[in-house]
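Chemist: Got a predicted structure plus its sequence, pasted below:
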Amino acid sequence: MTTTDPPVTRTPRLARTAGRAVESPMRRRERRAAFLFLLPDSLGLLVFVALPMVLAIVLGFFSLDGFGHLSFIGVDNYLRMVGDPQFWLSLRITAIYVVVVVPVMFVVSLALALLVKQRFPGVGFVRSALFVPYVISLVVVGLVWQFLLIDKVGVISRALEAVGLGGISVLGSPNTALAAVVVITIWFQMGYYMIIFLAGLQDIPSEFYDAARVDGAGPWQQFRTITIPLLAPTSFFVLLTSSIAVATGGLDLVYALTKGGPASSTTLIVYFIYEQAFLFGEYGYAAAVGSTLLVLLLLWSGLMFAVTRGGRFSNVDD
Amino acid sequence: MASQTAFSRRGLLAGLAAVGAGAALGVVGCARSGAAGPMQFMNFYTPQDQGADPQLIVQAEWFDKAIASWNANHPEQVEPIFVPDYVNPMNPRIATSFAAENGPDIFLLSPGEFLRYFNGGVMLDLKPFMTPDAVADFLPEAIGTRVVGDGIFALPMEVEPLSIYYDIAAFEESGLAEGDLPRTWEQMLDVAERLTTARRSGLVLETSPGYYQNFTFYPWVWQGGGDVIDLRTQRATLTSPSMLAALELFAESITRGVASRTPPASGEIVSGFKQGLAAMWQRGPWSIQEFALQAPEHRYGIIPLPTPPGGQPTTVGGGWAWAVNNRGRNPEAAARFVVESVGSMSRECIDRCADWNGRAKSNMPARASVSAAMEQLPSFTDPARSAVRAQLPSTRGEPRYPPVLYKALSNTIQSVQLAGGDPLAQAQSAQSTIESFLRTYEGAALL
């Protein structure tokens, strides 16, 4: 088999150069306007996200007590972290939290998106009702659920009693407190991912389903052979962003709901970091743990990109 | 024609974008805008919205009056800064302000947090600004944990001894009388069992992890002669029989089902009693004022904390103190403000402190002269306040421990109380953590 190489040519570069040379004043103004529009957000990201991130990584190599005492200690914070059972406990709790929340939320959000994609009376209200929890402050969410789950007299406690599960202290028992945090997290985040999925579903041309129906495909076959493959980029986005959001979130919920208890059972890694910084004044150690979390999430994201081929979920040559 | 327009749409939007970028830069550049101006007094009382709880209004007005009195007579002005959720030691507001070298000039401080700030080197010694008779006027149980060496680094405004508050209606409904009020731990659990119903918790001991739970736990340890840190040797003593007994008491209250795993009525004792959700509650004297303002007709009583076999009646006295940031705008003036407000022997100061504890709040005084002045107030004969006052001789000041120590003890209490942890194993684990920490600890003595 022989191949023919494309002829080498400089035409594109020349064309680009020529294009730049003849850029109209209007295009230049548009370019400048675009730059200026992007500038505030870029500055915000740089100053409030990128710079603190770099500073936190650097701070992880220092001891800083919050009263101006700063000293370089190399990797001592990281060595301390490796030997800190509370760090490993919070990491384990976070791993459980992520492993349970992300897949369940994925399935629930997708199911809800499929439901609200249908046309039925009041679908707009249902969509809004499902999305509303996402826009409520997490502290308020925590307090409302705390009220519902109060021992003995809370609505949920009474419902549990009615089905023979009386005496359970959902937030007061280490066996159930994390489960409660998981359920509440899914409840308030599912609306957001439902909307993402809904947008993905609406992008799938209806002709595909029409053709499948003509060919005799049932709903399950349509879902398996059309919806899932064409929803792959959306699914990748949801999996990636939800796993990062869940792994780095939950602080305000736990803060309002359980204070990390009972018996540290809901001490997520972000709560652990917060505690180290603002309760113990161990800013350097908190930064080291935060940097470790950042690295873990980068590895996780890289792994997801690699496994799913950047969200395509299939070989590009196929 | 378009080129002759003064402001084209694109130009206007681009200009707005530039202004936005400039504003963003401006925000970054104004981190220490408050370096000049009046001295800032961070607290959790004032300024208060006029629509707030009447109790908060009364207390805010007391602070406002004290600040106004100073401001009227001194060129160095004081400005109160209200910090929501101040009493939560995880509140980042004060910590971050100090970290940004923009800490408050004056701030309220609990014993639990004393060492964090003292060891951080930001607290000013107030003793040079006080007269000897004023120094001697402070009660040892109030001032003791604020003293380091020869210095006094915060002036307490109150003492808050913990007691058991009980709901009389709950006792009557359960067929219990005054003679059934518990005096021992065993009696306390037995009585709580009789008071417990499907709706009501017989006993409320703190279950949320935090400084406050540790604070409520100390007296149960002390009653049997134990301690967290041996005052003489400065070594951890978490495996003492008294410590283990106190841990078992907390655990048994849960396993017997007489104490709730989460606080009834979101931790509000007045609502808890009024709604029949709790019968006995370990609590401080601040609740007397809560009852007076929210449910003046509600019948409740106060008894000392029951004791273990052979134990001594002992309770813990918390309370907030005024402290000065030695890196503030004008530490010397801030110290004079604090001393004039709550630490001088002037008639005005003594009356002000008596007014705080006897009217605005329902706490016990931190000073002998204030105690005497309070005898003239109408509230002095109030039975609830009298019951708390009777416990002052057996009150020990809330300890000052570093955060690492607090956390180790907190983990132990939580594990044993709520997760079925073995008291000895958990205490040994905490002991090991604390001993390891103390080997390199270089701060003030642990009291």
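Modeler: Noted; the coordinates are in hand.

Chemist: for the stretch 251-400 of chain B, what spans make up the strands?
Modeler: Applying DSSP state E, counting those that start in this stretch to the stretch 251-400 of chain B gives strands spanning B:278-283, B:300-303, B:315-318, B:321-324, B:395-397.

Chemist: closest to chain A out of the ones you listed?
Modeler: Closest to chain A of the strands of the stretch 251-400 of chain B, according to CB to the nearest CB: strand B:278-283, at 10.3 Å. (Glycine included, C-beta is placed from N, CA and C.)

Chemist: what packs against the closest one?
Modeler: Helices and strands touching strand B:278-283, by 3 or more CB pairs under 8 Å, 6 or more residues apart in numbering or on different chains; DSSP states H and E, are strand B:163-167, helix B:168-173, helix B:185-195, strand B:201-204, helix B:269-274.

Chemist: which neighbours does that strand have in its sheet, and in what orientation?
Modeler: With DSSP bridges as the test, strand B:278-283 is paired with strand B:163-167 (antiparallel), strand B:201-204 (parallel).

Chemist: Rounded mean pLDDT for the helix or strand following the last one, please.
Modeler: Okay, so that is strand B:201-204. Following strand B:201-204 in sequence order, the next helix or strand is helix B:211-222 (DSSP states H and E). Here helix B:211-222 scores 95 as its mean pLDDT.

Chemist: Is helix B:211-222 positioned near chain A?
Modeler: No. Helix B:211-222 does not reach chain A (CB under 8 Å from any CB of the partner chain); its nearest approach is 8.9 Å.

Chemist: buried ones in that helix?
Modeler: Going by neighbour count (16 or more other CB atoms under 10 Å in any protein chain shown), the buried part of helix B:211-222 is B:211, B:212, B:213, B:214, B:215, B:216, B:217, B:218, B:219, B:220, B:221, B:222.

Chemist: contacting residues for the first one?
Modeler: Looking back up the chat, that one is residue B:211. B:89, B:110, B:112, B:113, B:406 (CB atoms under 8 Å, 6 or more residues apart in numbering or on different chains).

Chemist: For those, work out which two are farthest apart.
Modeler: Greatest spatial distance among the contacts of residue B:211 (CB to CB): B:110 and B:406, at 11.5 Å.

Chemist: Which of those two has more residues huddled nearby?
Modeler: Taking other CB atoms under 10 Å in any protein chain shown, residue B:110 and residue B:406 do not tie; residue B:406 has more neighbours (25 against 22).

Chemist: Just say helix, strand or coil for that one.
Modeler: When classified by DSSP: H, G, I helix; E, B strand; the rest coil, residue B:406 comes out as helix.

Chemist: Pull the contacting residues for the nearest residue in space to it that is not next to it in sequence.
Modeler: Excluding the flanking residues, the one nearest residue B:406 by CB to CB, 6 or more residues apart in numbering or on different chains is residue B:214, at 5.8 Å. When contacts are counted by CB under 8 Å, 6+ apart, residue B:214 touches B:112, B:406, B:409, B:410, B:413.

Chemist: Hmm, the first one is touching residue B:401, no?
Modeler: Spelled out, that is residue B:112. Yes. Using CB atoms under 8 Å, residue B:112 is in contact with residue B:401, at 7.3 Å.

Chemist: How about the contacts made by the residue nearest to residue B:326 when sequence neighbours are not counted?
Modeler: Spatial nearest neighbour of residue B:326, chain neighbours left out: residue B:124 (4.0 Å); criterion: CB to CB, 6+ apart. Residue B:124 is in contact with B:153, B:323, B:324, B:325, B:326, B:331, B:334, B:335, counting by CB under 8 Å, 6+ apart.

Chemist: And for the fifth one, the neighbour number?
Modeler: Under the neighbour criterion other CB under 10 Å, residue B:326 is assigned a count of 17.

Chemist: Now do it against residue A:90, distance only.
Modeler: As judged by CB to CB, to the nearest Å, residue B:326 and residue A:90 stand 35 Å apart.

Chemist: again with the second one
Modeler: For residue B:323, the distance to residue A:90 (CB to CB) stands at 32 Å.

Chemist: In terms of neighbours, single out the busier of those two.
Modeler: Taking other CB under 10 Å, residue B:323 and residue A:90 do not tie; residue B:323 has more neighbours (26 against 23).

Chemist: in terms of contact, does the more buried one touch residue B:123 like I think?
Modeler: Yes. With contact defined as CB under 8 Å, residue B:323 counts as touching residue B:123 (5.6 Å).

Chemist: between the two, what contacts are shared?
Modeler: Joint contacts of residue B:323 and residue B:123 (CB under 8 Å, 6+ apart) are B:117, B:153, B:154.

Chemist: Just give me the least confident of the contacts of residue B:214.
Modeler: residue B:112 (87).

Chemist: Apart from its chain neighbours, what residue comes closest to that residue?
Modeler: residue B:211 (4.2 Å).

Chemist: Now do the helix or strand hosting residue B:245 and helix B:211-222, the angle between them.
Modeler: For residue B:245, the host element (DSSP H and E) is helix B:241-255. Calculated by axes from the mean of the first three to the mean of the last three CA atoms, to 10 degrees, helix B:241-255 forms an angle of 120 degrees with helix B:211-222.

Chemist: Please tabulate the strands of the stretch 251-400 of chain B in a markdown table, including the columns mean pLDDT.
Modeler: Putting those into a markdown table (pLDDT from 0 to 100) gives the following:
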| stretch | mean pLDDT |
| --- | --- |
| strand B:278-283 | 96 |
| strand B:300-303 | 96 |
| strand B:315-318 | 93 |
| strand B:321-324 | 96 |
| strand B:395-397 | 93 |
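
Chemist: For the stretch 101-250 of chain A, what lies in contact range of chain B?
Modeler: For the stretch 101-250 of chain A, the residues in contact with chain B (CB under 8 Å from any CB) are A:146-147, A:150-153, A:161, A:166-167, A:169, A:171-174.

Chemist: Low-confidence ranges, chain A, go.
Modeler: Low-confidence segments of chain A (pLDDT under 70): A:1-21, A:311-318.

Chemist: Nearest to chain B within it, name that residue for me.
Modeler: residue A:172 (2.4 Å).

Chemist: Quick check: chain neighbours aside, which residue is closest to the residue of chain B found nearest chain A?
Modeler: Proximity to chain A, evaluated over chain B using CB to the nearest CB, is greatest for residue B:261 at 2.4 Å. The shortest distance from residue B:261 to any non-neighbouring residue, by CB to CB, 6+ apart, is to residue A:172 (2.4 Å).

Chemist: Quick check: phi and psi at that neighbour.
Modeler: The phi and psi values for residue A:172, taken as degrees, to the nearest 10, are phi -100, psi 0.

Chemist: could you pull out the strands for chain A?
Modeler: Assigned by DSSP state E, the strands in chain A fall at A:62-64, A:70-72.

Chemist: near chain B at all, the last one?
Modeler: By that I understand strand A:70-72. No. Using CB under 8 Å from any CB, strand A:70-72 never reaches chain B; the gap is at least 10.6 Å.

Chemist: Isn't residue B:437 up against residue B:405?
Modeler: Yes. Taking CB under 8 Å as the definition, residue B:437 is a contact partner of residue B:405 at 6.7 Å.
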